[in-house]
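> Based on what follows, work out the 3D shape:
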Amino acid sequence: VRRTHLFGTHRVDGEIPEAQSPDPYVVINELMYNPFADPSDPADLGDRLEFIELYNLSPSEAVDLSGWRIEGVELTLPPGSVILPVGYLLVVQDDAAFRQRYGPGRYVVAQYPGRLAGGGERVALLDRAGRIVDEVVYDDKAPWPREPDGGGPSLELRRPALDNALPESWAASGEAGG
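Next comes the predicted model:
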């Protein structure tokens, strides 16, 4: 009722954005499913550095992901989880460890309670209505890139617009840690 009143009575072009499109184009863009852990370093953060990166391909529309779910790590995104146009959003396994390793300046919206399977699994992004927005079933065996399986790099899409259901759309990140 408030939204209808606001848009009908007080809307000024350019000041209040239109409602979000029904099919925003957000993709699962990067997975750190099996980070490198140095067993000889007792302070190593290794296995606590998992993350999932989402990317908004729209050049003009921010997307409110509040209440969306990520299956595979059993996370519901908290209120205020907005991803800007051509922007990134991260969810991490251990926020303190992630920030210690990567520092500030990354948009981390939540810490997830689950873990990504080191041998591969299905990760799906579902909107508030439970519809699948994007999903990937990654693996640590060929034809999937093998370097992300504990070797240091993450698994990332070569380009966000590629079909992430295809192993050839993915590569090991150019940098250790993703």
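
> show me where pLDDT drops low in the chain?
Along the chain, the model assigns pLDDT under 70 to residues 3, 6-7, 11-20, 38-45.

> now Ile52: how far from Ala142?
23 Å (Cβ to Cβ, to the nearest Å). In this view, the C-beta of every residue, glycine as well, is placed from N, C-alpha and C.

> These two: which has the busier surroundings?
Under the criterion of other Cβ atoms under 10 Å, the comparison of Ile52 against Ala142 puts Ile52 first, with 26 against 8.

> ok now do that one, which residues does it touch?
Ile52 makes contacts with Ile28, Glu30, Leu31, Met32, Ile70, Val73, Leu90, Val91, Val92, Tyr112, Leu116, Val123, as judged by Cβ atoms under 8 Å, 6 or more residues apart in numbering.

> and the helix or strand where it lies, which strands flank it?
For Ile52, the host element (DSSP states H and E) is strand 51-56. Each strand pairing with strand 51-56, determined using DSSP bridges, is listed with its direction: strand 26-32 (antiparallel), strand 88-92 (antiparallel).

> list the buried ones in the shortest one?
Counting neighbours by 16 or more other Cβ atoms under 10 Å, one finds that the buried residues in strand 88-92 are Leu89, Leu90, Val91, Val92.

> these two touch, right, the third one and Tyr112?
I take that to be Val91. Yes. When contacts are counted by Cβ atoms under 8 Å, Val91 is listed as touching Tyr112 (5.4 Å).

> so what's in contact with these two at the same time?
In the contact map built from Cβ under 8 Å, 6+ apart, the residues linked to both Val91 and Tyr112 are Ile52, Ile70, Val73, Leu75.

> Quick check: the second one vs Ala176, distance?
Summarising the geometry, the distance separating Ile70 from Ala176, computed by Cβ to Cβ, is 24 Å.

> Which of the three states applies to Ala117?
On the three-state scheme (DSSP: H, G, I helix; E, B strand; the rest coil), Ala117 is labelled coil.

> Quick check: phi and psi on the closest residue in space to it that isn't next to it in sequence?
The spatial neighbour of Ala117 that comes closest, neighbours along the chain excluded (Cβ to Cβ, 6 or more residues apart in numbering), is Tyr33 at 7.0 Å. Note on Tyr33: its backbone torsions stand at phi -90, psi -20 [degrees, to the nearest 10].
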